[in-house]
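**Student:** With the sequence up front, the predicted model follows.
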Amino acid sequence: MPHSLNRHRRRRNDEFQARRRDQFLGQDLPPLARRSLLATEPAGAAPQEVTPNSLYERISSVETPTAAWETVLARDARDGMLQKQTRAIVGDLDNFLTELSTSLRDGTYVPEPFMRLDIPKREPGQTRALHIPSIRDRIVERAVLDTIAHTADLLMSTCSFAYRTGIGTDDAIDLLATLRDDGYKYVLRTDVEDYFPNADVEDALTVLSPALRCTRTLNLIRLLARPRRAHGERRVRGRGIAQGSCLSPLLANLALADVDTALCDAGYGYARFADDIVVCVPTEDDLLSAYGLLNSRVAAHGLSLNQEKTTMTTFDEGFCYLGVDFSRTALRSTPTTTSRAAPTRTRSSTLAATAHDCT
């Protein structure tokens, strides 16, 4: 076969792969960006070198993906059966990790399509769409998460309790019990409507940027986290944080960090568990003011409060939060299970052992 025909076919194949990557990412990228968002050098220039001892150097070194691989492998093996891609990686591990590190460093890494999995919600007939990254992309996500998690956690409010190491539902319950005992009797109970499908990754990156101070790391997170196609999907949302990625909980928390700050700085008793929010105040007028502030801060992110789940109540009337029934004199643990971790035992001495249906 003539060499010119070979070159022509290779060029056509390269163009096809570039269009395919753009299609999976769900956007029409300019020609220079078709290689990857990580490739930041001008056209025709040599690949950008990774700055020694930088955050991105740690993420893209072979050692960090290797440690991430061990975590991903252990989780994939929990059901006793490895995925096909995992088995392929095991068969050529050293080459795989070297090539993955190289693609991160030279800017040619592009995430693969998600695998979509619909799981049932508590509400009958409703489902939640999970978008699961490939094993290869999970390794990269884990490498990023392991490197930035501590720094990112320092950026979060002490009133944000979901998906964090060393803090969780027990702490949220204790806070609400303390607020109740301190006279914050009026309660706003709400959540952000369809939060994960409508959150903006850029809001999280805005919070991360001053702390990380590493453009290539921020671009990698953007590349991993922004909406892209799943196998079998024809369209891609313009917004959203994919549920199914190990980066999603961290990004979801950071995207609402300024909401947490605004409510806490205003002096309201406030607790947020992912998109599930409670505000406690001493007077009814404060309750209306708190609602106005929360509503406006959430709206500034292009989001809205779920009106069907928004209630104004008191501790005397009682309400349910994180599977616990709060009242004036006791907190009662409930048998209700949710998609989030429900509290098992609380450190609060006011939590009675009486089970109570709280739905």
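**Tutor:** Alright, I've got the coordinates.

**Student:** Am I right that L254 is in a helix?
**Tutor:** Yes - counting by DSSP: H, G, I helix; E, B strand; the rest coil, L254 is found in a helix.

**Student:** Return the backbone torsion pair for the spatially closest residue to D118 that is not a sequence neighbour.
**Tutor:** Once flanking residues are discounted, D118 sits nearest to T127: 4.3 Å by Cβ to Cβ, 6 or more residues apart in numbering. From N, CA and C alone the C-beta is placed, and that goes for glycine too. Main-chain dihedrals, T127, degrees, to the nearest 10: phi -130, psi 160.

**Student:** looking at the sheet around T127, what are its partners?
**Tutor:** Note on T127: beta-bridge partners P120, judged by DSSP bridges.

**Student:** contacting residues for it?
**Tutor:** D118, I119, P120, K121 (Cβ atoms under 8 Å, 6 or more residues apart in numbering).

**Student:** Recalculate using a threshold of 10 Å.
**Tutor:** Neighbouring residues of T127 by Cβ atoms under 10 Å, 6 or more residues apart in numbering: L117, D118, I119, P120, K121.

**Student:** so how far is G318 from it?
**Tutor:** 31 Å (Cβ to Cβ, to the nearest Å).

**Student:** What of A74?
**Tutor:** Distance, A74 to G318, using Cβ to Cβ: 42 Å.

**Student:** Can you pull up the most central residue in the chain?
**Tutor:** With distances taken as Cα atoms, centre = their mean, S248 lies nearest the centre of the chain, 1.6 Å away.

**Student:** Need phi/psi at it.
**Tutor:** Main-chain dihedrals, S248, degrees, to the nearest 10: phi -60, psi -50.

**Student:** Which pLDDT value goes with it?
**Tutor:** Here the pLDDT value assigned to S248 is 95.

**Student:** Pull the contacting residues for A262.
**Tutor:** A262 sits in contact with Y268, Y270, L293, L294, S296, R297, V298, A300, where contact means Cβ under 10 Å, 6+ apart.

**Student:** any idea how far the nearest residue to L263 once chain neighbours are set aside is from D260?
**Tutor:** Setting aside the residues directly before and after it, L263 is nearest to Y270 in space (Cβ to Cβ, 6+ apart), at 4.3 Å. Distance of Y270 to D260, given as Cβ to Cβ: 7 Å.

**Student:** Could you do S304 as well?
**Tutor:** According to Cβ to Cβ, S304 and D260 sit 18 Å apart.

**Student:** The two: who's more crowded?
**Tutor:** Counted by other Cβ atoms under 10 Å, S304 and D260 do not tie: D260 has more neighbours, with 20 against 14.

**Student:** On the three-state scheme, the more buried one is what?
**Tutor:** Assignment for D260 (three-state DSSP): helix.

**Student:** what's the closest non-adjacent residue to it?
**Tutor:** Here the residue nearest D260, using Cβ to Cβ, 6+ apart, is S157, at 3.6 Å.

**Student:** which element is the one you found on?
**Tutor:** For S157, there is no enclosing helix or strand under DSSP states H and E.

**Student:** quick one: it and F273 touch, right?
**Tutor:** No - if you go by Cβ atoms under 10 Å, S157 and F273 don't touch, sitting 12.0 Å apart.

**Student:** Overlap in contacts, those two.
**Tutor:** In contact with both S157 and F273: N253, using Cβ under 10 Å, 6+ apart.

**Student:** neighbours of P197, just the number please.
**Tutor:** P197 sits with 15 neighbouring residues when counted by other Cβ under 10 Å.

**Student:** unless I'm mixing things up, it is touching R128, no?
**Tutor:** Yes - with contacts counted by Cβ under 10 Å, P197 reaches R128, the gap being 9.4 Å.
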